[in-house]
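Engineer: need coordinates for the following:
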Amino acid sequence: MSSEEFAPPKYAQIVQTIRQKIADGTYPPGSLLPSETQLVREFKVSRPTVVRALQVLQLRGVIEREHGKGSFVKAAPPGASNQNPRPGRAVLDRVEADENCTVIDAGSLAATAGIAKLLDVPEGSTVVRRRVLFRDDERPTDLFTVWCPVHQAEGTQLGEAQPLTAGIRQHLQASKGLKLQHVVERLSARHPSADESKVLKLPKSSAVLGVLASIFNGGGRPVLVVDLVLPGDLHELEDSYSL
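Structural biologist: This is a model prediction of the structure:
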């Protein structure tokens, strides 16, 4: 077998290279990373692959991405070599229009018992659901679903089929003046459901990482429920903390 058969995906190679450059000081804390166009040229890959690598770095808490400004290296907190991963926050800051994604469905439906409990609304009440499939140039990379009470979604584009031009967190603040303050995440390793297997093009016996996040406003009321499904062979979460 050739060594190429064991090579990690292209986006993972970019992640590794950027992290090495951060570690050796090439990209110090607070510095601006090269633009997506520059990274496309440097690594000789497509833009979706570069975007995917940057999203993974954001998911791991290594960088911050600011729409229209670029990607910045995060400063390490005192006493730690890296910040904890924040999958829920990272997905709320993703800009769909900047990534290779498909809005599978967006609109109103009745809340199931589980979603109603998480949103603290009556079972069967109307909520807005948005499901988005993200890809790189090789395969689907993650499936994102968000639920929101219908009164919170009014005046926003959460129930519309076009990709959002701002992250959900920024979009809600701009359109509703709503600030998201607190996240509770639950992570689970499991097999995909039949629907997830079909959408992500995964065997039913494969492993996925599920991230279920409840998002609260400043008053402690749940505003959103986020479900993020990540193919296990494409993703890893790591943590760094002091003993």
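Engineer: for the residue sitting nearest the centre point of the chain, which three-state class applies?
Structural biologist: Taking Cα atoms, centre = their mean as the criterion, residue 91 is the residue nearest the geometric centre of the chain, at 2.8 Å. When classified by DSSP: H, G, I helix; E, B strand; the rest coil, residue 91 comes out as helix.
Engineer: what's the answer for residue 169, then?
Structural biologist: Going by three-state DSSP: residue 169 is helix.
Engineer: for the one helix or strand in the chain whose mean pLDDT sits lowest, buried residues please.
Structural biologist: Across the helices and strands of the chain, mean pLDDT, DSSP states H and E gives its lowest value to helix 87-92, namely a mean of 78. Within helix 87-92, the residues that count as buried by 16 or more other Cβ atoms under 10 Å are 87-92. Where you see a C-beta, it was placed from the backbone N, CA and C, and this is true even at glycine.
Engineer: look up how far residue 32 lies from residue 69.
Structural biologist: Per Cβ to Cβ, to the nearest Å, residue 69 is found 8 Å from residue 32.
Engineer: which one of these two has more residues nearby?
Structural biologist: Taking neighbours as other Cβ atoms under 10 Å, residue 69 and residue 32 compare with residue 32 leading, 13 against 9.
Engineer: distance of that one from residue 73?
Structural biologist: Residue 32 sits 8 Å away from residue 73, going by Cβ to Cβ.
Engineer: cool, and residue 136?
Structural biologist: Residue 136 is 22 Å from residue 73, where distance means Cβ to Cβ.
Engineer: who has more neighbours, those two?
Structural biologist: Each of residue 136 and residue 73 has its neighbours counted (other Cβ under 10 Å); residue 136 has more, 23 against 20.
Engineer: so that one touches residue 45, yeah?
Structural biologist: No. Contact criterion Cβ atoms under 8 Å: residue 136 and residue 45 do not qualify, at 9.1 Å.
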